[in-house]
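Undergrad: have a look; sequence and predicted model below, questions after that.
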Amino acid sequence: MAAPANDNDLFSPLSLSVVCNLCTAKMQTVADLLLLTSDTRPVNTDNVTGAVGESFSKCRDTLIAKTKGVGILSREIRLQFLTGKLQETAEMLNELTDLVVNIIECSSHAAYLAAISESGSKQAVPGIIDRYKISRARFDIEHCCMRLQCTPLMELTPQVVVDISTEIAKNLTVLTNASKLASDASDDPFHKEQFKLAIKSVTSCTSTLLLSIRRYKVTLDEANRGRCITFAKPLVQSCQALVEYATEREHIGTPAQLCESGRKIQTAILGGCMSIASSCIQLASCLRAASLDLHNTELLQRLGLCCNAVADGGKLLSQALRDKSSPRTLPSTSTNSLSSNGSTNSFPNEGDSHSS
């Protein structure tokens, strides 16, 4: 049975539930962008192409090593929660989320590399905008705004606020640089001007929010936090408008064209990755429910099932990467048990994933 945090621990079950919500949103968003799409492209991020380049074998070996880590982390999260260490649980869940995001990115890139290596497949043609990179920057800004709004006031310390401000500024740079390059690369005068005005809108909203955040750092109260939330809303809206415009089909190039064998290889790898992603999303969701009902034995049992499903997902992905085929040898008892206990899973079954 999970023990409540001691009286000296200011990190409350509500705080943990907020972290669970934020982590769930992050994993789900990246999965939606890369796993649940027929838009086949390379993943050009520093964590992926900067580490493995265009080598499928490097990508495969990196992923297999990471799948072991995600299983270990999931079990550690459960252990920390059962011993009442809620803050450590939250920190490890954030670490797990970052690892899962990286696994999704690497898996998507590995699936692309393996698929286009098949005879008859054609590589993607880049456009003036990288769809995933700019969509991630938009989400990360929105994620920062969610943290400002949802984090309990006592935990929204000056250092946390500085971290949020830095993250917003970093992703604003990604949006700004991408839009400037797109404006310069476009031959259409309308698009040149539209990109300039769209990023001007985002920059203005960001400056207004950051000024409110600086004021909050001086006086940590709900009134100043409320002002930050007020000015975060137009920033989220302006980022959404920019990204919707920037990712119109004429700006993002052409996705890869895959032959039948290439499509099967891609589906097998993404299906294995989806097993990890869906299991970790279920883990975060179950942990949130358990944090708000610390003595619910059924939820605590489901945490164990989630950990088993994460471990099974790692095996499925590793096998898919080695064989370049859909893994069928592992029983699905863990996942089925989770579903029968009422957990929700928005992902399709492994065999049905990424159909086109």
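TA: Arrived safely. Residues are numbered from 1 along each chain as shown.
Undergrad: so what are the domain limits for the chain?
TA: Per the record, the chain has its domains at 1-125+257-356, 129-253, by automatic domain parsing.
Undergrad: got these as JSON lines, with mean pLDDT columns?
TA: Below are the domains of the chain laid out as JSON lines (pLDDT from 0 to 100):
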{"stretch": "domain 1-125+257-356", "mean pLDDT": "83"}
{"stretch": "domain 129-253", "mean pLDDT": "95"}
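Undergrad: of these, flag the one that's most buried.
TA: Most buried of the domains of the chain, by mean neighbour count (mean count of other C-beta atoms under 10 Å): domain 1-125+257-356, with a mean of 19. For the C-beta atoms, the positions are set from N, CA and C on the backbone; glycine is no exception.
Undergrad: which residue, neighbours along the chain excluded, lies closest to T208?
TA: F231 (4.9 Å; C-beta to C-beta, 6 or more residues apart in numbering).
Undergrad: so which helix or strand takes in that neighbour?
TA: For F231, the element it lies in under DSSP states H and E is helix 222-246.
Undergrad: quick one, helices of the stretch 51-200 of the chain?
TA: Ranges of helices in the stretch 51-200 of the chain, per DSSP state H, counting those that start in this stretch, are 56-82, 86-116, 131-150, 158-185, 189-218.
Undergrad: for the ones you listed, give me JSON lines that also has distance to S285.
TA: Rendered in JSON lines, the data for these read as follows (distance: least, C-beta to C-beta, whole Å):
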{"stretch": "helix 56-82", "distance to S285": "13"}
{"stretch": "helix 86-116", "distance to S285": "11"}
{"stretch": "helix 131-150", "distance to S285": "16"}
{"stretch": "helix 158-185", "distance to S285": "24"}
{"stretch": "helix 189-218", "distance to S285": "30"}
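Undergrad: out of these, which is closest to T254?
TA: Closest of the helices of the stretch 51-200 of the chain to T254 is helix 131-150, at 11.5 Å (criterion: C-beta to C-beta).
Undergrad: dump that closest one to CSV, keeping only the CA atoms.
TA: Taking C-alpha atoms only, helix 131-150 is exported to CSV below (Å, rounded to 0.1, in the frame of the first residue of the first chain):
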residue,chain,number,x,y,z
ARG,A,131,6.9,19.8,-39.9
TYR,A,132,8.0,17.8,-36.8
LYS,A,133,10.5,20.3,-35.5
ILE,A,134,8.2,23.3,-35.7
SER,A,135,5.2,21.3,-34.3
ARG,A,136,7.3,20.2,-31.4
ALA,A,137,8.4,23.8,-30.7
ARG,A,138,4.8,24.9,-30.6
PHE,A,139,3.9,22.1,-28.2
ASP,A,140,6.8,22.8,-25.9
ILE,A,141,5.8,26.4,-25.6
GLU,A,142,2.2,25.3,-24.8
HIS,A,143,3.6,22.8,-22.3
CYS,A,144,5.5,25.6,-20.5
CYS,A,145,2.3,27.6,-20.3
MET,A,146,0.5,24.6,-18.9
ARG,A,147,3.1,24.3,-16.2
LEU,A,148,2.6,28.0,-15.3
GLN,A,149,-1.1,27.4,-14.9
CYS,A,150,-1.2,24.0,-13.3
